[in-house]
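Asker: Provide a 3D model corresponding to the input given below.
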Amino acid sequence: MRKVLIFLIAVFAFASGSFFSTAFAQEKPGSPEVSVKAFYAWFIKRDAENRGYPLMDKEIYRYVSKPTVNLLRTQYKTNSLPGDAEYFTNVQDFDEADWTAHIVPHPAIMLDDVALVPVTFGSTDKKTNVVFLRKVDGAWKITRVVDTRDYK
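Answerer: This is a model prediction of the structure:
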């Protein structure tokens with residue numbers, strides 16, 4: 001029940017926040033929005049380099065919490081990652097240049113010590129995810145990524 005409530009709050013917050021210009025997104029240094037943007041800039045660039053899955057790069061720990069990385073790595077190694085798309089993007093393929101140029105984090109919604117940051121990718125074929133973050137040792141770290149598409 002709690003998972004459903006958190007998801008509904010995230011969807012509502014994103015829907016109501018979409019009425020505001022993304023120019024109003026608070027991208028203060030050290031903010032959840034800046035952390036999300038930095039992660040996806042790194043992830044997309046790293047993925048395009050074709051040097052293996054970015055999840056397996058030790059640099060991912062700069063952006064994603066250790067328990068999340070470790071669980072996803074275990075699932076990756078056993079070919080049991082959730083869903084049928086890449087975990088962090090929730091798609092199978094994307095336009096690297098378009099997504100790199102158009103990473104738009106929306107204002108964070110705070111639920112206790114968790115920040116929910118809707119982030120939209122692309123300029124024409126847009127894709128939005130909700131990224132959950134928690135402060136770990138003074139830095140915002142991704143703990144979960146949820147797709148905003150309808151469940152099918």
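Asker: please determine how far residue 104 is located from residue 33.
Answerer: 10 Å (Cβ to Cβ, to the nearest Å). (C-beta placed from N, C-alpha, C; glycine too.)
Asker: what about these two, which has more around it?
Answerer: residue 33 (24 against 17; other Cβ atoms under 10 Å).
Asker: check the contact between the more buried one and residue 117; I expect there is one.
Answerer: Yes: Residue 33 lies in contact with residue 117 (Cβ atoms under 8 Å); the separation is 5.7 Å.
Asker: report the set of residues contacting both of the two.
Answerer: 105, 106, 107, 108 (Cβ atoms under 8 Å, 6 or more residues apart in numbering).
Asker: show me what the first one is bridged to.
Answerer: In this structure, residue 105 has the following beta-bridge partners (DSSP bridges): residue 119.
Asker: repeat that for the one 10 residues further on.
Answerer: Beta-bridge partners of residue 115, counted by DSSP bridges, are residue 110, residue 133.
Asker: can you tell me how far it is from residue 47?
Answerer: 24 Å.
Asker: look at the two and report which has more neighbours.
Answerer: A count of neighbours by other Cβ under 10 Å puts residue 115 above the other of residue 115 and residue 47, at 23 against 20.
Asker: quick check: that one touching residue 30?
Answerer: No: Residue 115 is not in contact with residue 30 according to Cβ under 8 Å; the separation is 11.7 Å.
Asker: which residues are in contact with each of those two?
Answerer: residue 140.
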